[in-house]
Structures are given as structure tokens and as C-alpha cells.
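Colleague: Using only what follows, build the 3D model:
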Amino acid sequence: MITSKIQQSIRHSYQNLQSQLENFVPRRAQNYLVAEIAKTLCGDYHKSNRMIVAEAGTGIGKSLSYLMAVIPVAVLNNRKVVISTATVALQEQLVNKDLPLYRRLTDREFSFILAKGRQRYCCAEKLASASGVDGGQLAMFESKPKKKDIDLLETMYKSLANGKWDGDRDSWPKPIKDEIWQLIVSDKHSCNNSMPVHRDCPFQKARAELDKTDVIIANHSLVMADADLGGGVILPEPENTIYVFDEAHHLPHVARDHSSAAASLKGAASWLERLNQSVTKFANMADEKRVARFRNELQDSVQQLIPSLSQLATRFDPAHFDEKIYRFENGELPTWLEEESKELKKLSQKGAQAVAKIADLIAERVKDGELANRLAEPALAELGFYIQRMDNLAAVWNLMAEPSREKGAPLARWLEVSPEREGDFIVNVSPLEVGWQLDHQLWSRCVGAVLTSATMRALNSFSFFCRQAGISEKPDDGVRFLALASPFDYANQAELYVPKMKYEPQAPQFTEYLIEILPNLIEDNKANLVLFSSYWQMNQVAEALSTQFVKQGWALQVQGKESRSEILKKHKTLVDRQKTSILFGTGSFSEGLDLPGGLLENLIITKIPFAVPTSPVEQAHAEYIENRGGNPFMQITVPEASKKLIQSAGRLLRKERDSGKVIILDRRVVTKRYGSALLDSLPPFKRVIE
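Modeller: Residues are numbered from 1 along each chain as shown. Predicted coordinates:
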């Protein structure tokens, strides 16, 4: 139960908030959210299942709410807090604004830090090898490296060695290409904390800081990466952690991506060939008696995998592929491929275990002082690269060989024509539903969990999210559900306008019609945002209207032409000068874009954001629902569109004094039977429907 100490601490910070913030307006919804989170985490509603799912509309101040409730509960019970977000923007807001503010308000001492996954840090030894410092350079490149890439790696190596760079990918002044980063990225095998030289590695330094910190800001991907490793490897163990998932509606998709695996056939045979040539070199660094068995096992598996994978690539005919993809219906493989997958699973697992064991034996000799660091380090860095790839190969064939499930959704399995190597194919496997996994890895293990977002519900119900995230809606299971309305006076602050339209978005004339009517819907001397559902359509309309807009003295900026920060900076300057500023954007502009006050007064949504199930995973999910007698459009597409439409409309009002208009140019919100459900899930704007 909630204690008086926790209550006092929360009250103290809330009173300070009132005195420290200018123009502070007490919000009943915020008070209620703080109280409900604290009561849930203290077991007032359910002794063991301490979980709350809260939809908190814009303007409630949800990040401060969960900080005020969660941190006192955690600190006074000696627990860790992991706050997980879906976007970098929210992480920056928490680290630079919300947490420093809360620290000034509270009577509790606490520390906080931003955590990043191992893959955001370089491995010092791999960087030394790739830059040619230790002569191990060429072995790490798939093909002959370009001079500019070598120069970049050398510069990075010097900067790290001189303490001018911390090894964090995000802190390098310019973006680092993926193919370069993959050569030097830290991994769990080569970056071994038991070896003295790695204790100063960028990742190990960062990891050591996490152990000492009370509040850790992470992202959903990092939380899932830790969960996949068993929990408590990168982040604190779930059994001692209270999780806060902000932007929680993204979590199921991130979890699904983490459970997926992909590997090429000929590409894998190519790096296995290089591994085969290096096995003796690696084995010679370990104790001869102990390594012999693993060397033989590795050589045996690799020498069988190379011809098997190469041969398999000849069995598929791209002529049968649809847009370079071939999906196995219902996840079912032909019998011959089932048998082949079982064999490849066995060989790849055997190889993955053997190569990891050889690395362990080399590390042991270094630890015991029998092998010099300078000899072992380049070899272990190279081995780490192979271990990573062997583990991934084993994961792919493990999923490919999984027998058909009697209960639950099947796996989505498909082949893709490789864009990099002629005659090669990428094998892909992904689960369709990950709720049971989230429950197993997180919900059933953690001390408590807060899941929040401005859009947790679809069509006014939590059911869609709960199904995706593995959360029980049964009253006896004790999960607390809250839907808190925004404090805005929507009916007086904004109008929702659905004009008469000649065409609906499916009509081939719709793009031309948008070009014709949009100039009449733009507000002169104001800030306008037009949201499109496809880049193609956005660019077509922008190209057709840009000259006309210039003639009228209007400034148009299109997403993707410059960085988001540059676009917003220019937009703000134009609005401050009371010019007409028009932003064209797609999906990513409909979420996380904060344009308060005069920075947005006219929002035009060209189309209901229906996602076409184009990816093999989405197609497989739709197929699974159909096979069970369901309707994938009503069960997946409409609820997803509802969430996206709410997010899009949420761009308009960001503060209590904001005002403006939302225009929807898709008549299906009026003409189709699902339209009223979509409209009713939007905020209660004043409606004008022609």
C-alpha cells in the first residue's frame, strides 16, 4: 500500500511545481494520473500485477506526472526506474528539460542517465583493426576498401585514442555509414569485460555508469534487446525495475522487429569461406588440448554449411517472385525446405557454439597471462565479427525449422532477392504476434509497469493495444486502465471541417483534384501543415503548386528536402514575420511534431492514413486473421488508421490557448460505415460537415 513517506514526497514536488512554474494551471487530470500511478505501483489495486495503461491527452503533462509518481516509489523501495521512449526527441526532452525540472521540485536525491545499446558504441579493438593500426584491416572488409573509408576510420581511431571522441556513434560530428559502422560496432563477444583492455572500452565505460544510476532513460529497442538477452544484461534486471513506457503504442512493433531474423544464402557462404580459412589461426591461440574438439566441430559445420547454402540459392526462381519477394503462404514451407532448414539449424547452432567457445578459450589464456593482449585482441575482434554472424545465421534457421504451431499465429516466412549479390536470396522470418513474449519477458517479471501515450486507444477502446502487447483486460488480473481527456476546450478552440469533394482518395483523379483545391484551403499569413499519406503524392502536389505559391508570396517547405530542424527553424522565422508558411509532410510529421501557438493554425489531412499491407509480415497477419474467419481491414487496418488520425489531428492544439482548424479531405469519414467510428475517436472539435 502507498506509504505516508511516498505521499509526502509527491505532495512536496507538486507544491513546488505550482510555485516554480509561471502561469501554472492546476490540472485535475494530472493530479489524478499521479495518484493512480503511485497507487498502482504500491500494490493498492493488485498485490503482484502492478501495471497501469494510461492514455493521457495533450496538455495533461504526462511526463512530469509519471516522474512525480514513479521516482519516489522507486527510490524509497530501492528499485531502479527505466523510462523507455520511441523517439530521440522525447529522450532529449526528458534528459534536458523534464528530469532537471523534477530534480529541482523533489525532496528525494536521485541520479539519471541516458542509456544506449551496445550497437551505438564502437569497439576500440575492432576500430584498431579496421583502421589498419594492427595490420588486421583487410580481413574485415567484404571487398577492397575505399581510401576515404580508411581515412575516416584512421581519424576515428586517433580521436578515440586522444580522448576527443567517446566512441558513441551519435556523438561523431557527421553520420557514419552503416557498412563502416558494422565493421567497428561493439558486440557481446569481442568486447569482453573480463579482459583488462576492454574495461576502458566505450560501451563498458557507459555500462558501468548505468549500474550506479537510479533512473535510466532508454528506448523501446534497447529494452527489447536486453529482454532478448534474458534481462539484466544491458539494463537492470526486470525483477528490480519499474518500467515506464512512454509512446507505448510503438512497443509491440519494436518487439516484433526484435524477434525477427534475416540472412542471405550466398553472402553467408562467402563469409563462412573466410572463417574457414582462419579457423586454424584462431585455434592456435588457445590451449591445444581443450580447443581441438571445438576447432573440429567448427570446421565440420562450416564446411557443410558453405555448399548447402550455395546449393540452396540455386533452388529458387525469381520468376515466381512478386516484386522481388516470395512469401510462403500461412508460413508453411515445402517439405524439402523444411528438412533442409532442420539440417541448417543443426549445423549453424553447432558452428555458433564452437566459434564462441574458441573465443572463450583465447580470452582465458589472456586472463591467465599465457597470451599477450596485443596478439589476442585483433583475433578476438575478428572472431567477434564471425560470432555475431554465426548467431544470426543460427537464429534464422532455428526459426525456419520451427514446426507449425497448433495454437496462436504462425511465423511469417519469406524470401527476398538480394540487392547486393546476383543470384542470391535473403531468408526472412518474423513472428506475427508478440504479446505472449512481452508478458513472459517483462510483465510477469518486473516490479511494476506504466504504459502511457496520447494515443493508446483505437476506436475508443484499449483492446487493440492490449492484444498486441500481451496485456490482460480481465478485471481480476488487476491491470489499471485510464483514459484521461485533454484539458483543452476543443469545441471552442478548434473546428473540424469536412468539405464537399468531387473525388474520394481511391479515384485516379484525386491527386490532380488536390492540386486544384489546396490553394483555396491555405490560410493567408498563417501557419499551415498539409499531411499526405504517401511521399509520391506529396512530391507530385508540391511540384505542381510550388510556382503558384511563390507568386502568391507563400513559402512552401517539403519534408525530406532539408532536415526537420532546418524546416522548423525557417517555419518559425516566417510565422514570426507573419508570412504564410506551408509545410508538406507525411507520416513522421503526424507524430512528435510540436507546433504550439501561431506555429500551426490550419491543419489539412488529405487522406485517412490507412496502411496498405505491403510488407510480407502485414500480408501474413491479414491472411492469418482471414483464415480464422475475421476481417483484417476492420481488425487491423481501421484501428491502426484511427490511432494515426488521432495523432495527426493532435498536431493542432498543443497548449491551452491554441486555436485553429482541422480539414479532412477524405469523404470516407462520412460515406463509409467505419467513418463515424473514426470521427468519434477524434477530440470533440466543433464539426462542420458539408
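Colleague: Now do the strands in the stretch 151-300 of the chain.
Modeller: 215-219, 241-246, 261-264 (DSSP state E, counting those that start in this stretch).
Colleague: Next, the residues that contact the shortest one from outside, please.
Modeller: Residues outside strand 261-264 that contact it (CB atoms under 8 Å, 6 or more residues apart in numbering) are 392-393, 395-396, 399, 418, 420-421, 424-430. All C-beta spots, glycine's among them, are computed from the backbone N, C-alpha and C.
Colleague: Among those residues, which are located in helices?
Modeller: Among the contacts of strand 261-264, the members falling in helices are 392, 393, 395, 396, 399 (criterion: DSSP state H).
Colleague: Highest neighbour count among those?
Modeller: Neighbour counts for those peak at residue 393, which has 26 neighbours (criterion: other CB atoms under 10 Å).
Colleague: count of residues packed around the residue nearest to that residue when sequence neighbours are not counted?
Modeller: Once flanking residues are discounted, residue 393 sits nearest to residue 348: 4.6 Å by CB to CB, 6 or more residues apart in numbering. Close neighbours of residue 348, defined as other CB under 10 Å, add up to 28.
Colleague: Now for residue 348: which residues touch it?
Modeller: Contacts for residue 348 were tallied using CB under 8 Å, 6+ apart; they are 301, 305, 390, 393, 394, 396, 397, 398.
Colleague: Quick one: the strands of the stretch 151-300 of the chain as a markdown table, columns for distance to residue 295, mean pLDDT and mean neighbour count too.
Modeller: Below are the strands of the stretch 151-300 of the chain laid out as a markdown table (distance: least, CB to CB, whole Å; pLDDT from 0 to 100; neighbours: other CB atoms under 10 Å):
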| stretch | distance to residue 295 | mean pLDDT | mean neighbour count |
| --- | --- | --- | --- |
| strand 215-219 | 39 | 96 | 24 |
| strand 241-246 | 41 | 97 | 25 |
| strand 261-264 | 24 | 96 | 19 |
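Colleague: Among these, which comes closest to residue 493?
Modeller: Nearest to residue 493 among the strands of the stretch 151-300 of the chain is strand 241-246 (25.1 Å), distances taken as CB to CB.
Colleague: which residues make contact with that closest one from outside it?
Modeller: Outside strand 241-246, the residues that reach it (CB under 8 Å, 6+ apart) are 41, 62-63, 66, 70, 73-74, 79-86, 90, 220, 223, 235, 251, 442, 446-453.
Colleague: residue contacts, the closest residue to residue 435 other than its chain neighbours?
Modeller: Spatial nearest neighbour of residue 435, chain neighbours left out: residue 470 (2.8 Å); criterion: CB to CB, 6+ apart. Residue 470 makes contact with 434, 435, 436, 437, 438, 439, 443, according to CB under 8 Å, 6+ apart.
Colleague: Residue 470 and residue 431: what is the separation?
Modeller: 12 Å (CB to CB, to the nearest Å).
Colleague: Mind listing the shared neighbours of the two?
Modeller: residue 437.
Colleague: pLDDT weak spots in the protein?
Modeller: Within the chain, the ranges that satisfy pLDDT under 70 run 133-144, 189-199, 613.
Colleague: just to revisit the earlier point, output the strands of the stretch 151-300 of the chain as TSV; include the columns distance to residue 96.
Modeller: Output for the strands of the stretch 151-300 of the chain, formatted as TSV (distance: least, CB to CB, whole Å):
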stretch	distance to residue 96
strand 215-219	11
strand 241-246	15
strand 261-264	36
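Colleague: Among those strands, which comes closest to residue 542?
Modeller: strand 215-219 (31.8 Å).
Colleague: Extract the CA atoms of the closest one and return them as PDB.
Modeller: C-alpha atoms of strand 215-219 as PDB (Å, rounded to 0.1, in the frame of the first residue of the first chain):
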ATOM      1  CA  VAL A 215      16.800   6.500 -13.300                       C
ATOM      2  CA  ILE A 216      17.800   5.200 -16.800                       C
ATOM      3  CA  ILE A 217      16.300   6.700 -20.000                       C
ATOM      4  CA  ALA A 218      16.300   4.100 -22.800                       C
ATOM      5  CA  ASN A 219      14.400   3.400 -26.000                       C
END
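Colleague: Direction included, what does that strand pair up with?
Modeller: Partners of strand 215-219 in the sheet, by DSSP bridges, are strand 80-85 (parallel), strand 112-114 (parallel).
Colleague: Kindly calculate the angle that the longest one makes with strand 241-246.
Modeller: For strand 80-85 against strand 241-246, the angle between stretch directions is 20 degrees (axes from the mean of the first three to the mean of the last three CA atoms, to 10 degrees).
Colleague: quick one: residue 434 and residue 251 touch, right?
Modeller: No: using CB atoms under 8 Å, residue 434 makes no contact with residue 251, being 9.3 Å away.
Colleague: For the two, work out which one has more neighbours and name it.
Modeller: residue 434 (26 against 23).
Colleague: Give me the nearest residue to the more buried one, chain neighbours excluded.
Modeller: In space, residue 434 is closest to residue 255, 4.4 Å off (CB to CB, 6+ apart).
Colleague: Tell me who's in contact with that neighbour.
Modeller: Residue 255 is in contact with 220, 224, 434, 437, 438, counting by CB under 8 Å, 6+ apart.
Colleague: which of these count as buried?
Modeller: 220, 224, 434, 437, 438 (16 or more other CB atoms under 10 Å).
Colleague: Quick check: which element contains the closest residue to residue 688 other than its chain neighbours?
Modeller: Nearest residue to residue 688, sequence neighbours excluded (CB to CB, 6+ apart): residue 497, at 4.8 Å. In this structure, residue 497 sits in strand 494-498 according to DSSP states H and E.
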